[in-house]
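>>> Quick one, fold the following:
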Amino acid sequence: MKKVSFILGMALCACTAAFAQTQLTQFNPYAYGVEPQVKGTKVAIKYQLNSPADSTKIVIYRDNVEVGTQPVAENTVGLHAVNFDLASLFTEAGTYTFGVRVYGTSVSEPTQVMVANGTDTTALSYSFYHPKGVAVDNNPFSPNFGRLLANECMASTPNEGYHSSADKQGIYAFDPTFQPIPNGNSLAFKGGNAFGNDYAPYRIRISEDSRIFVTDNCISDGTTLWELSADLQTWTPIFQGTFDADGVMNTAEGEYMTTANSGLDVIGSGDELQIMMLGFNIPGLVGYTGTGFFVDRYNLGSATSWTGVPSQHDTLSALCGSQVVPVGENCGIAADGEGGFWFKSARANVCAQRGLCHVNADGVVDWELHATSGDTAAYNIVPDGSNGGAGIARVGDLLFVGMGRTLAGCGRMQVFELGADATGAPELTVKYDMHIKAISRNLNDFAVDYANNLYTVGNSNEKLLPVVLPYSGVVETPVNAELVKEATAIENIEEAPVVNKIFRNGQVIIVKDGVEYNVIGTKL
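Modelled structure (predicted):
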């Protein structure tokens, strides 16, 4: 097993500096809710901004090469509409496409979004009793692009002071401006579930093609994984089997299918979509201890149900021996994008257990960190029973991890740049090291939106809150519309009225809205 060295040169403690920027009241801006209309050479694009921008342009491409821009006068948060005529640009045949390019001013380090509170400022957040999961739809062609989902997974909420106090357990939705999206007269989306026990719904993940998956950690609801409809109203159990007395769901042939889980990730999309779940043996679950950790993978593809055994079953005790942390509901996983995964525990002080480790595609632990490894100071694994929560998420080449706090009253987030050594084993370089004051200890999950706004949840101080991350200062949202110019005829594709091209007696005829034209546009 390879022990990878820690690279400290890029470490950045953002705690003091971030809290000094108390006047930051906006997010990294981007365009969402984009609705185009195309007719002839005229284009109309409606869109919304999640936060005020420095400037905005509609960018025009011909065959993926930028050929023009249309500046926008207003850059305030909310709805905008732009109309322009492309006639002057139509000097060449080709496919014309568009983007909404938004410019902002980047922070230099991770910074909490603050709001005015009388003469003082406070971190922007929503209060929950026990939030465990958060996810955002980053598919720009999804009708719910930018929508944020978080959960309340415990019913014992106090009567007031919590965003979830009235509706309790369920999924809660927020638009890209961080405003709640109601479900009729309530806030929680439940899909008709009563949630008879704690820890449901538990983890949330949204696939590249906007499929929504939510786990059940307690199994008393009769499932371990739901897929939610786009409107969050219909919750469909993925696994179709029978639970036995030990809380294991089996196939019709009596073979193991799935069980309660504490970690979830979703890889790929379409026919290549795979579900990865971190499970544990329920009979061994006593308080915060459990046995028999394993990672199950299901090559679900475009299917909506599963009736067989897992596509792959990896028992962590076989890979890691006795050094797997026995904390049933406080562990997480993140796929590494190369067939392996990262494992994170909320506690690493019981013995020589791993607080964080990587298992490669061959099932080999090639990077590890645990409480007695000697690297605890560098990685901030602290022997106080709380090493930062189970939060772990991979976003591109970055790994977001809840780590052991070194400042009283602050949860600690570390963001690592992922690399590899000559053998292919991971190398981690600290990019950001930040104390999040509004969450005192456990950071349970992370999600990053299209413009590098981070959202995290924690059950210490019990919050969902945003953190603005440094970014390039430019975010472009593609527009789902195109114009095709062939010779002197313009074909409007997708968002434009449907245009068909037919051949009759050796001639090309354009059929638009049921009317026929020749290639020079004369009505037949």
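>>> residues contacting Ser472?
Counting by Cβ atoms under 8 Å, 6 or more residues apart in numbering, Ser472 makes contact with Ser106. From N, CA and C alone the C-beta is placed, and that goes for glycine too.
>>> Can you check my assumption that it lies in a helix?
No - under DSSP: H, G, I helix; E, B strand; the rest coil, Ser472 falls outside any helix and is assigned coil.
>>> Need the pLDDT of it.
At Ser472, the model reports a pLDDT of 96.
>>> Could you do Lys523 as well?
pLDDT for Lys523: 64.
>>> Make 869 the starting number, not 1.
With the count now opening at 869, the last piece we talked about shows up as Lys1391.
>>> check which helix or strand covers Val1269.
Per DSSP states H and E: Val1269 is located in strand 1266-1271.
>>> What mean pLDDT does that strand get?
The model assigns strand 1266-1271 a mean pLDDT of 90.
>>> Direction included, what does it pair up with?
Counting by DSSP bridges, the strands paired with strand 1266-1271 are strand 1260-1263 (antiparallel), strand 1279-1288 (antiparallel).
>>> How far does the shortest one sit from its chain's centre?
When distances are taken as Cα atoms, centre = their mean, to the nearest Å, strand 1260-1263 is centred 9 Å away from the chain's centroid.
>>> So what touches it?
So strand 1260-1263 is in contact with 1200-1205, 1210, 1212, 1224, 1267-1270, 1286, 1313-1316, going by Cβ under 8 Å, 6+ apart.
>>> give the contact list for the nearest residue to Thr973 once chain neighbours are set aside.
Spatial nearest neighbour of Thr973, excluding adjacent residues (Cβ to Cβ, 6 or more residues apart in numbering): Asp922 at 6.0 Å. The neighbours of Asp922, taking Cβ under 8 Å, 6+ apart as the test, are Asn943, Tyr971, Gly972, Thr973.
>>> I figured Gly1147 was touching Phe1161, is that so?
Yes - counting by Cβ atoms under 8 Å, Gly1147 touches Phe1161, with 7.3 Å between them.
>>> before we move on, the earlier item: any chance of a ChimeraX selection covering the buried ones in the contacts of strand 1260-1263?
To isolate the buried ones among the contacts of strand 1260-1263 in ChimeraX, judged by 16 or more other Cβ atoms under 10 Å, type:
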select :1200,1201,1202,1203,1204,1210,1212,1224,1267,1268,1269,1270,1286,1313,1314,1315,1316
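>>> Just list what the host helix or strand of His948 packs against, helices and strands only.
Using DSSP H and E, His948 maps to strand 946-953. Applying 3 or more Cβ pairs under 8 Å, 6 or more residues apart in numbering; DSSP states H and E, we find strand 946-953 packed against strand 910-917, strand 923-930, strand 933-940.
>>> So which of the ones you listed is nearest Thr1104?
Thr1104 lies closest to strand 910-917 among the helices and strands packed on strand 946-953, at 30.0 Å (Cβ to Cβ).
>>> In terms of secondary structure, what does that closest one contact?
Contact partners of strand 910-917 among helices and strands, from 3+ Cβ pairs under 8 Å, 6+ apart: strand 899-907, strand 946-953, strand 962-971, strand 1342-1354.
>>> In it, which residues are buried?
Residues of strand 910-917 classed as buried by neighbour count (16+ other Cβ under 10 Å): Val911, Ile913, Tyr915, Gln916, Leu917.
>>> just to revisit the earlier point, which residues does the strand holding His948 contact?
So strand 946-953 is contacted by 901, 909-917, 924, 926, 938, 940, 942 (Cβ under 8 Å, 6+ apart).
>>> For the stretch 1119-1268 of the chain, give me the ranges with low pLDDT.
Applying pLDDT under 70 to the stretch 1119-1268 of the chain flags residues 1149-1160, 1185-1197, 1215-1222, 1238-1256.
>>> Show me the strands in it, by range?
Using DSSP state E, counting those that start in this stretch, the strands of the stretch 1119-1268 of the chain run over 1124-1127, 1129-1135, 1142-1154, 1157-1166, 1180-1183, 1199-1203, 1209-1213, 1222-1227, 1233-1238, 1260-1263, 1266-1271.
>>> just these: most buried one?
For those, the largest average neighbour count (mean count of other Cβ atoms under 10 Å) is found in strand 1209-1213, namely a mean of 26.
>>> quick one: contacts of that strand?
1131, 1133, 1144, 1146, 1163, 1184, 1192-1193, 1195, 1198-1204, 1221-1227, 1255, 1258-1260, 1262, 1267, 1269-1270.
>>> which stretch among the strands paired with strand 1266-1271 comes nearest Phe1013?
Closest of the strands paired with strand 1266-1271 to Phe1013 is strand 1260-1263, at 16.6 Å (criterion: Cβ to Cβ).
>>> For Ser1308, give me the pLDDT.
Looking at Ser1308, its pLDDT reads 75.
>>> Surely it and Ser1328 touch.
Yes - when contacts are counted by Cβ under 8 Å, Ser1308 is listed as touching Ser1328 (4.4 Å).
>>> Which among the helices and strands packed on strand 946-953 is found nearest to Ile1080?
Proximity to Ile1080 (Cβ to Cβ) singles out strand 910-917 among the helices and strands packed on strand 946-953, at 21.4 Å.
>>> hang on, the earlier thing: want to try CSV for the contacts of Asp922, with neighbour count and distance to Asp1035 as columns?
Compiled in CSV, the contacts of Asp922 are given as follows (neighbours: other Cβ atoms under 10 Å; distance: Cβ to Cβ, whole Å):
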residue, neighbour count, distance to Asp1035
Asn943, 17, 36
Tyr971, 16, 39
Gly972, 26, 34
Thr973, 11, 37
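>>> Spit out the contact partners of Phe1314.
For Phe1314, the contacting residues are Val1002, Gly1259, Ile1260, Ala1261, Phe1268, Gly1270, Met1281, Leu1322, Tyr1323, Thr1324, by Cβ under 8 Å, 6+ apart.
>>> Let's see that with 6 Å instead.
Residues in contact with Phe1314 (Cβ atoms under 6 Å, 6 or more residues apart in numbering) are Gly1259, Ala1261, Phe1268, Thr1324.
>>> picking that back up, in the sheet, which strands lie alongside the strand holding His948, parallel or antiparallel?
According to DSSP bridges, strand 946-953 has the following sheet partners: strand 910-917 (antiparallel).
>>> got the contacts of Phe1314 as JSON lines, with distance to Phe996 columns?
Listed next are these as JSON lines, based on distance: Cβ to Cβ, whole Å:
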{"residue": "Gly1259", "distance to Phe996": "15"}
{"residue": "Ala1261", "distance to Phe996": "18"}
{"residue": "Phe1268", "distance to Phe996": "19"}
{"residue": "Thr1324", "distance to Phe996": "12"}
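>>> picking that back up, with mean pLDDT and distance to Gly962 as extra columns, can I get the helices and strands packed on strand 946-953 in JSON lines?
Formatted as JSON lines, those follow (pLDDT from 0 to 100; distance: least, Cβ to Cβ, whole Å):
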{"stretch": "strand 910-917", "mean pLDDT": "96", "distance to Gly962": "15"}
{"stretch": "strand 923-930", "mean pLDDT": "97", "distance to Gly962": "4"}
{"stretch": "strand 933-940", "mean pLDDT": "95", "distance to Gly962": "9"}
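>>> closest to Val1116 out of those strands?
In terms of Cβ to Cβ, the element of these nearest to Val1116 is strand 910-917, at 46.2 Å.
>>> What residue spans form the domains of this structure?
Structural domains assigned to the chain are 899-973+1343-1385, 979-1329, following automatic domain parsing.
>>> can you tell me which two in the contacts of strand 946-953 are farthest apart?
Using Cβ to Cβ, those reach their maximum pairwise distance at Thr909 and Leu917, which is 26.4 Å.
>>> Highest mean neighbour count across the domains of the chain, which stretch is it?
domain 979-1329 (a mean of 19).
>>> circling back to that earlier point, could I get the strands of the stretch 1119-1268 of the chain in a markdown table, plus columns for distance to Leu1296?
Converted to a markdown table, the strands of the stretch 1119-1268 of the chain look like this (distance: least, Cβ to Cβ, whole Å):
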| stretch | distance to Leu1296 |
| --- | --- |
| strand 1124-1127 | 31 |
| strand 1129-1135 | 18 |
| strand 1142-1154 | 20 |
| strand 1157-1166 | 20 |
| strand 1180-1183 | 22 |
| strand 1199-1203 | 13 |
| strand 1209-1213 | 10 |
| strand 1222-1227 | 9 |
| strand 1233-1238 | 7 |
| strand 1260-1263 | 12 |
| strand 1266-1271 | 7 |
